[in-house]
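A.B. asks: Here's a sequence, model it:
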Amino acid sequence: PFASKMQGRTKRPLGDLFGLTNFGVNLTTIVPGGVSALRHTHSKQDEFVYIISGTATLVTNNGRSLLTAGSCAGFKAGNGNAHHILNESSEDLVYLEIGDRSAGDQVAYPDDDIAATLVNGQWHFAHKDGTPY
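C.D. replies: Have a look, this model is predicted:
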């Protein structure tokens, strides 16, 4: 039920084109009204975004801020500061998304009943109580 919330997002996995395995690089486009992901935080993975074009609304535990072309933001693993990006503008938002691929990473979603764990390169999703979807 959660995947439909990201219908306005397209990711091109650029790092995979070169066989990169230690970190991922995505070229992400979000249409007006779209969202990058459910608001989340990683236990082991650092994340970094660089805005190429458009205007992003970054939502974190600290509130909302605007990011425009040339702006960047980083999200340190394990700090509990949940985040996601909204496109509240009238133009497409395009940005680079870079993150490591730490085994055993766990993702918490404070606003939704879902949890994710990275096992052998594959994401496994369950309810917060551990019950599988």
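
A.B. asks: which residues touch whichever strand or helix holds residue 124?
C.D. replies: Applying DSSP states H and E as the criterion places residue 124 in strand 122-126. Identification of contacts with strand 122-126 by CB atoms under 8 Å, 6 or more residues apart in numbering yields 114-118, 132-133. (C-beta placed from N, C-alpha, C; glycine too.)

A.B. asks: Now, those residues that are in strands?
C.D. replies: 115-118 (DSSP state E).

A.B. asks: How about the contacts made by the one residue sitting closest to the centre of the chain?
C.D. replies: In the chain, the C-alpha nearest the mean C-alpha coordinate belongs to residue 37, at 5.2 Å (CA atoms, centre = their mean). By CB under 8 Å, 6+ apart, the residues touching residue 37 are 6, 9, 84-85.

A.B. asks: tell me the strands in this protein, going along the chain?
C.D. replies: Using DSSP E, strands in the chain cover 9-13, 23-30, 41-42, 47-53, 55-60, 63-68, 72-75, 83-86, 93-100, 106-108, 115-119, 122-126.

A.B. asks: Check the offset of the last one from the chain's centre.
C.D. replies: Using CA atoms, centre = their mean, to the nearest Å, the distance from the centre of strand 122-126 to the centre of the chain it belongs to is 15 Å.

A.B. asks: Repeat that for the fifth one.
C.D. replies: Offset of strand 55-60 from its chain centre (CA atoms, centre = their mean): 12 Å.

A.B. asks: go on, the fourth one?
C.D. replies: For strand 47-53, the separation from the chain centroid amounts to 11 Å (computed by CA atoms, centre = their mean).

A.B. asks: can you offset everything so residue one is 649?
C.D. replies: Fine by me, first position is 649 from now on; the one you just mentioned is strand 695-701.

A.B. asks: Let me see the mean pLDDT of it.
C.D. replies: Averaging pLDDT along strand 695-701 gives 99.

A.B. asks: That concludes my questions; thank you for your assistance.
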